[in-house]
Structures are given as C-alpha cells and as structure tokens.
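# how would this look folded up:
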Amino acid sequence: MHSRDALSVGEMSRRTGLAVSALHFYERHGLIASSRTAGNQRRYPRHMLRRISLILVAKRLGIPLSEVAEAFAGLPMGSEPSTEDWKRVSRVWKVRLEERRHAILQLEKELVGCIGCGCLSMRSCDLLNPGDVLGSRGSGPVRLGPAAP
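Numbering: from 1, shown residues only. Just a heads-up that it's a prediction; the model follows:
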C-alpha cells in the first residue's frame with residue numbers, strides 16, 4: 001500500500017465520524033483491516049472508507065454486524081474490491097433487504113389490523129392466543145415469523 005493511499009486512525013476517524021475505539025472494534029471483528037508502520041501506527045487503506053460507510057448504513061437500518069460480516073466475507077480484505085466483487089455483494093444484500101422489507105410490511109399489516117381496528121377486544125382480535133397455544137411454537141412473537149439471526 002502506498003503511503004498516499006493510507007489513512008491514519010485519526011484521519012479515518014475524522015473522515016467517517018467514528019470514534020477511534022469504534023474503528024478498533026470493527027477491526028477486531030474482522031470488518032475492516034489496517035497495516036502497521038515501522039513505528040507500529042495503524043494505517044488504513046483508503047478503500048476501507050467504503051466498507052465503513054456500508055457498516056454505518058447497515059447500523060442505521062438495524063442490520064446486525066454479523067450480517068455485514070457475512071456480506072463482506074466475499075470481498076478481498078487486502079486489496080480494493082473490484083466492480084464484480086461489489087456486484088456480487090450487492091446481489092446478496094438485495095435478497096436480505098427484500099426479506100427484511102417483507103417482514104416489516106407483515107408487521108405493519110398485523111399492527112394496523114390489530115391496533116388500527118380500534119376494537120381493543122382480546123375476544124375478537126386476530127392476534128388472540130387462547131390457552132397460550134402459540135407458546136408451544138417458541139418464544140417471542142411467533143405469528144410474525146422467525147426471529148432474525
């Protein structure tokens with residue numbers, strides 16, 4: 001990596017708006033990588049800015065870091081990803097985002113149907129669970145689908 005292509009941890013923090021400790025956290029979890037100078041200072045390749053941007057967007061959307069790590073697994077860490085690398089990752093994320101969108105729409109439908117109807121009756125509500133029959137299917141809101149990993 002050429003020195004002009006490398007960013008110090010301070011520069012990376014300034015460019016991304018993340019605390020240095022957050023950069024270290026992401027690095028420990030294999031989401032980003034740095035190299036060390038002769039003086040043992042971290043240097044990040046400039047292309048790590050894109051990874052961090054995606055991490056921040058995913059975080060804003062509530063996507064777990066484990067899913068981000070899975071998506072990044074197909075990207076080279078030591079070199080700048082190619083256009084094809086990014087297209088491949090985008091296809092995987094598109095499927096996951098569509099699944100997430102479907103789950104959100106289903107939740108919205110259930111909420112509008114249950115809360116929005118105004119009946120407030122546990123006797124006639126579609127989400128009624130007489131005798132706790134849903135308890136045998138697992139914990140949490142089982143009617144709304146499986147929990148995200």
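# And what about the spatially most central residue of the chain, helix, strand or coil?
Centroid check for the chain by Cα atoms, centre = their mean gives residue 63 as the closest residue, at 2.7 Å. Here residue 63 is recorded as coil under DSSP: H, G, I helix; E, B strand; the rest coil.
# if I pick it, what's in contact with it?
Neighbouring residues of residue 63 by Cβ atoms under 8 Å, 6 or more residues apart in numbering: 96, 100. All C-beta spots, glycine's among them, are computed from the backbone N, C-alpha and C.
# could you check the distance from it over to residue 99?
11 Å (Cβ to Cβ, to the nearest Å).
# for residue 137, same thing?
Residue 137 is 20 Å from residue 99, where distance means Cβ to Cβ.
# which of these two has more neighbours?
Taking other Cβ atoms under 10 Å, residue 137 and residue 99 do not tie; residue 99 has more neighbours (12 against 9).
# packing partners for the strand or helix carrying that one?
Under the criterion of DSSP states H and E, residue 99 resides in helix 83-114. Where contact means 3 or more Cβ pairs under 8 Å, 6 or more residues apart in numbering; DSSP states H and E, helix 83-114 is packed against helix 65-72.
# Buried residues of the helix it packs on, list them for me.
Buried residues in helix 65-72, counted by 16 or more other Cβ atoms under 10 Å: 67-68, 71-72.
# Just want the angle from it to helix 83-114.
Helix 65-72 and helix 83-114 are oriented at 150 degrees to each other (axes from the mean of the first three to the mean of the last three Cα atoms, to 10 degrees).
# residues making contact with helix 65-72?
29-31, 51, 54-55, 58-59, 89, 92-93, 96, 149.
# can you give me the mean pLDDT across it?
Per-residue pLDDT over helix 65-72 has a mean of 90.
# Check the burial of residue 58 by counting its neighbours.
Neighbour count of residue 58, defined by other Cβ under 10 Å: 17.
# got it, and the one 4 residues further on?
Neighbourhood size, residue 62 [other Cβ under 10 Å]: 9.
# Then residue 21?
9.
# now do residue 23
Close neighbours of residue 23, defined as other Cβ under 10 Å, add up to 22.
# you'd agree it is up against residue 15?
No. Counting by Cβ atoms under 8 Å, residue 23 sits too far from residue 15 to count as a contact (10.5 Å).
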